[in-house]
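the amino acid sequence is not available; the structure is as follows:
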């Protein structure tokens with residue numbers, strides 16, 4: 001495995017790091033108070049080529065590999081964890097649409113996504129389903145030259161900011177389970193769509209919420225891929241997005257750790273900098289070690305993906321461990337800053353709240369461990385499989 005970056009990767013990383021540190025990091029806490037992501041900021045990201053870098057060039061992407069996507073989301077998340085959701089959802093949903101939708105539909109939506117002109121939402125989770133995504137009940141009934149959708153989705157990222165949603169709905173019978181699920185690209189400005197905004201502990205600017213579909217008409221051209229194959233499409237995309245989530249969280253923790261190391265050299269106690277006391281530096285040294293190990297786990301998973309090798313277990317490892325580790329490291333960094341770290345003037349409390357959500361969303365630790373067990377010993381490890 002080559003640990004060096006290509007000149008192209010280094011140039012992209014440098015541009016992303018400058019943008020993150022100059023445009024994002026100084027306003028990370030202020031941005032939490034805003035009602036939505038700034039459209040001008042999204043457009044700037046699009047102009048820099050930071051959204052959907054793994055998507056085909058014909059749709060505005062760079063055709064880059066997974067490792068490059070990971071490098072860039074890590075740079076952006078270091079400056080603002082929440083803004084990096086633009087990259088995460090752009091890669092996950094943009095890939096589903098560009099690979100499976102009719103070319104005229106993909107061509108109408110994906111270039112606008114990579115340009116930073118619109119956001120897409122993913123409609124998988126339902127109130128009664130959660131991690132049991134194959135048990136969804138939102139129904140898409142074939143009517144005339146299209147479909148009619150009825151039901152609801154919950155815990156939707158960008159629920160009140162997205163222009164359209166990739167909706168996973170049941171077109172088959174309930175007993176068909178995952179085999180009866182199809183995917184649709186549904187514009188959210190049409191009659192019959194309504195939304196509710198959640199008041200969350202963290203990631204406030206992302207706009208997580210609930211979306212309702214009441215006799216929403218969808219043309220047959222907006223069916224993404226063959227009918228009944230929607231669940232397969234999203235499961236394939238999850239291995240990639242789970243690794244990117246890991247790097248998102250690790251980047252936020254790295255930002256807090258860098259600040260804690262710096263603080264340990266500036267703050268004095270008993271006549272000496274805190275960095276002279278092993279009780280201060282040893283927890284930071286442990287955090288540095290653990291973040292490095294988790295980061296290389298993520299990049300190994302992306303390396304495997306780029307070579308077409310199995311990486312489902314590795315992706316699940318990244319998803320359960322990195323968010324948990326990031327929360328613990330940020331917590332330690334807050335403590336390192338003492339009473340001042342406990343104030344809302346410092347960013348540690350916000351980073352803790354922001355990364356905490358990904359111990360729940362996109363698959364809990366328990367589900368990830370079931371996936372790892374299944375990959376190692378087969379279906380005997382998972383009763384319902």
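Looks like it came in fine. Keep in mind it's a predicted model, so treat the numbers as computed, not measured.

distance of the residue lying closest to residue 31 once chain neighbours are set aside from residue 33?
Residue nearest to residue 31 in three dimensions, not counting chain neighbours: residue 205, with 5.8 Å by C-beta to C-beta, 6 or more residues apart in numbering. Bear in mind the C-beta positions are built from the backbone N, C-alpha and C, glycine included. According to C-beta to C-beta, to the nearest Å, residue 205 and residue 33 sit 8 Å apart.

more crowded one of these two?
residue 205 (19 against 8; other C-beta atoms under 10 Å).

tell me the contacts of residue 32?
82, 204, 205, 350 (C-beta atoms under 8 Å, 6 or more residues apart in numbering).

ok, residue 271 - contacts?
So residue 271 contacts nothing (C-beta under 8 Å, 6+ apart).

ramachandran angles for it?
The phi/psi pair for residue 271 (degrees, to the nearest 10) reads phi 80, psi 10.

returning to that earlier point: which members of the contacts of residue 32 are the farthest-apart pair?
205 and 350 (10.8 Å; C-beta to C-beta).

pretty sure residue 168 is touching residue 125, no?
No. With contacts counted by C-beta atoms under 8 Å, residue 168 stays clear of residue 125, the gap being 9.3 Å.

neighbour count winner among the two?
Between residue 168 and residue 125, counted using other C-beta under 10 Å, the more crowded position is residue 168 (27 against 21).

tell me the SS of that one?
Following DSSP: H, G, I helix; E, B strand; the rest coil, the label given to residue 168 is strand.

from residue 222, how far off is it?
13 Å.

number of nearby residues for residue 34?
Residues near residue 34, counting by other C-beta under 10 Å: 11.

which stretches in the stretch 151-300 of the chain count as strands?
With DSSP state E, counting those that start in this stretch, the ranges of strands along the stretch 151-300 of the chain come out as 164-170, 181-187, 193-197, 209-219, 223-224, 268-269, 272-273.

next, give phi and psi for the closest residue to residue 263 other than its chain neighbours.
Among residues not flanking residue 263 along the chain, residue 337 sits closest, at 5.8 Å (C-beta to C-beta, 6+ apart). Per-residue torsions, residue 337: phi -80, psi 0 (degrees, to the nearest 10).

roughly how far apart are residue 337 and residue 27?
Distance from residue 337 to residue 27, by C-beta to C-beta: 20 Å.

which of these two has more residues huddled nearby?
residue 337 (19 against 15).

okay, that one and residue 331: tell me how far apart.
Counting by C-beta to C-beta, the separation of residue 337 from residue 331 is 11 Å.

same check, this time on residue 226
Distance of residue 226 to residue 331, computed by C-beta to C-beta: 46 Å.
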